[in-house]
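**Q** mind looking at a prediction? Sequence and model below.
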Amino acid sequence: MKLVDSPSEVNPSDHPLIVFEGIRRVYGEGPGAVEALRGIDVVIHEGDFLAVMGPSGSGKSTFLNILGCLDTPSAGSYRFQGVEVGQLSSNQRALLRRHYQGFVFQGFNLLKRTSALENVELPLIYRGVPAEERRARALQALETVGLKGWESHTPGELSGGQEQRVAIARGIVTGPAMLLADEPTGNLDTARSREIMELLVSLNRDQGITIVMITHEQDMAAYAKRVIRFVDGLVESDARNGERT
Amino acid sequence: MLWNTILLALREIRRNLMRSFLTMLGIVIGVGAVITLVTIGGGATAQVTSEIAGLGSNLLIVTQGKRMGPGQRSTAPPFKRRDALAIAREVGSVASVAPVASGSVMAVFGNSNWSTSVTGTENSYFKVRNLKLSSGRLFTDSELRSGAAVCILGETVRNKLFGRRNVVDGKIRLGKVSCQIVGLLEPKGQSAMGRDQDDVVVIPLRTYQRRIAGNQDISLLLVSAREDASTERVQRDIRQLMRERRHLSPSEDDNFDVRDMKEIAKTLTGTTKVLTALLGAVAAVSLLVGGIGIMNIMLVSVTERTREIGIRLAVGALERDVLLQFLVEAAVLSSLGGLIGIALALAASVRLADVLDVPFVLNAGIVVVSFLFSAAIGVIFGYFPARKAARLDPIDALRHE
């Protein structure tokens, strides 16, 4: 099974971007096993902006990791643009990540002692983008997140908000179909959080990037188009934000 | 992609300069030792070979007594001058024969004296041993016949007693004999066994026998066979002749020994080569140990950089990319070590060759081989840590603190 090379090869109207059917994820075995997800059904269409909420331990991070192909479900079906992810090898999943997804981690996960520019260039390196174009695109992404002039700074020299922006720039530099963000404002004060949310909203609106974001703040969830609540590994509610649709 | 990976590896190495250097050290020492030892060994072999060639071609040495084992000889009657004449006359394919009698003597000039070896022989000696004079002349027939007090000095004796002065026609005292110096030998340097070949005074055989030894004995005969002759054949004929002349019955062992210089040369170069190979092998083991050092550090590095690997995997690196990254890093580390080792070895070899007084014979093959070997070590010993890194589960790697 070979993945298609670009999103355009699959007509988006044929399939929703993402279909989760009865996704379960069990950690460990036997009596000590923990069931993080207990049967999730979610459909996400292209261009959506999803906020995932829920108490800690409700399975929202597991949900995001499975979405991002970093984790595999124990049972159920996950189709990405009609492709059954469960049948892909780990290499093919890496290719899917490489070509379709951007990931913004909780705690940024930037490479230490490496400049902002090089951090943002990283996904492009693995896509084999030539050095010059790579640099141009990374600079563009940094400019998009408002970090023009900070390219040569290492994470240690940046503030938390700036680090988060670098992480977002890294997530969007490849022009992904989907951006996954795990508490992108978790470490930031309100003003910085607002800026980040405005940024995500504009990425969703202007570049059509589908965004799935975990947050535990109601204020932040309000920026999204749709809010899903997890409780004990199940979807408790799934609703559109009236004021934004 | 590969170029990028190499740049990345170089950056990683620079980032941990001290550690990278210590990691390389094993390879540096290994490669350096192998190349230095092989180069010096090669120089020694070349020296032995040229030494033997300088002794004269097709040289046979006839000594009295039979070798009984290391350093032991059976006692036997010494040779006389007529033995030399008999060989020259009766054995075919002999170019010339030089009877040699030698001992040690105190050479005195003015206030300086020098203990040296004195060789009593005839003019054929210079031909057989391939010796040339840098000034002066050989002995005349009448000097040889009458046992005149004349001598030819070696370079060392000249230096010790006269310095750089011209010595031909000067006088020197050998023991109790006052000699006129008629010639000076061209310097030959050290022999393969480390003896100074210029520390010698040559006088006519008769002079030695009469005035220094006080007997008619000859300790050895140097025989040179003709260029086209088979030395084995000449060797056999001499043996036959000497057995007859010494009246040995078929049941008796030889009480003399005929040796072909070529055989000695072969044995000597063989020994040097074996020694070189042996030392090289020992040095190669240190290369291996260097490789294990690299593996060790790379394993530590993988653990340390688990999170980084997780990030790389999460942004789209394939297992292959991570494998390549660590493999290239190990290979670059060991190749750099190899290059440094080569540089150090070349410097050390030139210096050592100078100190040990052997020619500097660079073996380009061993330089290339040890460089490739060091790079290969990086790949081989880097593979295990690299695979460990590549097989990490991205989610586990990201959670690693």
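**A** Good, I have the coordinates.

**Q** alpha carbons only for contacts and neighbour counts from here, please
**A** Noted.

**Q** so which residues on chain A come close to chain B?
**A** Taking Cα under 8 Å from any Cα of the partner chain as the test, the list of chain A residues beside chain B reads A:65, A:70-71, A:91, A:94-99, A:102-103, A:109-111, A:122-123, A:125-128, A:171.

**Q** ok, residue 208 - how many residues close by?
**A** Using chain A here. For residue A:208, the number of neighbouring residues by other Cα atoms under 10 Å in any protein chain shown comes to 18.

**Q** hmm, I had chain B in mind actually
**A** Residue B:208 has 27 neighbours, counted by other Cα under 10 Å.

**Q** ok, residue B:153 next?
**A** As a burial measure, the neighbour count of residue B:153 was computed by other Cα under 10 Å and equals 25.

**Q** correct me, but it touches residue B:181?
**A** Yes. With contacts counted by Cα atoms under 8 Å, residue B:153 reaches residue B:181, the gap being 7.2 Å.

**Q** could you identify the longest helix within chain A?
**A** helix A:190-206 (DSSP state H).

**Q** outside of that helix, which residues touch it?
**A** When contacts are taken as Cα atoms under 8 Å, 6 or more residues apart in numbering or on different chains, the neighbours of helix A:190-206 outside the stretch itself are A:47-49, A:145, A:161, A:165, A:184-185, A:209-211, A:220, A:223-224.

**Q** ok so, going back, among the residues of chain A next to chain B, which are located in helices?
**A** Those of these lying in helices (DSSP H): A:65, A:91, A:94-99, A:122-123, A:125-126, A:171.

**Q** which parts of chain B sit against chain A?
**A** Chain B comes close to chain A at residues B:1, B:308, B:311-319, B:321, B:394-395, B:398, as judged by Cα under 8 Å from any Cα.

**Q** buried subset of these?
**A** B:308, B:311-319, B:321, B:394-395, B:398 (16 or more other Cα atoms under 10 Å in any protein chain shown).

**Q** ok, so of these, who is nearest residue B:368?
**A** When those are ranked by distance to residue B:368 (Cα to Cα), residue B:321 comes first, at 28.8 Å.

**Q** pull the distance from the helix or strand in which that closest one is found to the chain's centre.
**A** Residue B:321 belongs to helix B:319-356 when elements are defined using DSSP states H and E. Distance of helix B:319-356 from its chain centroid, counting by Cα atoms, centre = their mean, to the nearest Å, is 27 Å.

**Q** residues of it that come out buried?
**A** Within helix B:319-356, the residues that count as buried by 16+ other Cα under 10 Å are B:319, B:321-346, B:348-350, B:352-353.

**Q** show the subsequent helix or strand relative to that helix.
**A** Going down the chain from helix B:319-356, the next helix or strand is helix B:364-390, by DSSP H and E.

**Q** just want the angle from that following helix to helix B:319-356.
**A** For helix B:364-390 against helix B:319-356, the angle by axes from the mean of the first three to the mean of the last three Cα atoms, to 10 degrees is 150 degrees.

**Q** CA atoms only: put the longest strand anywhere in chain B into PDB for me.
**A** When every strand of chain B is counted residue by residue (DSSP state E), the longest turns out to be strand B:94-109. The C-alpha trace of strand B:94-109 is given here as PDB (Å, rounded to 0.1, in the frame of the first residue of the first chain):
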ATOM      1  CA  VAL B  94      84.300 -18.500  -8.500                       C
ATOM      2  CA  ALA B  95      85.100 -14.900  -9.200                       C
ATOM      3  CA  SER B  96      87.400 -14.200  -6.300                       C
ATOM      4  CA  VAL B  97      88.300 -15.500  -2.800                       C
ATOM      5  CA  ALA B  98      89.300 -13.300   0.100                       C
ATOM      6  CA  PRO B  99      90.900 -14.800   3.100                       C
ATOM      7  CA  VAL B 100      90.100 -12.900   6.300                       C
ATOM      8  CA  ALA B 101      91.800 -12.900   9.700                       C
ATOM      9  CA  SER B 102      90.600 -10.400  12.200                       C
ATOM     10  CA  GLY B 103      91.000  -9.300  15.700                       C
ATOM     11  CA  SER B 104      90.800  -6.200  17.800                       C
ATOM     12  CA  VAL B 105      93.500  -3.700  18.300                       C
ATOM     13  CA  MET B 106      94.200  -0.300  19.900                       C
ATOM     14  CA  ALA B 107      94.800   2.300  17.200                       C
ATOM     15  CA  VAL B 108      96.800   5.300  18.400                       C
ATOM     16  CA  PHE B 109      97.600   8.600  16.800                       C
END
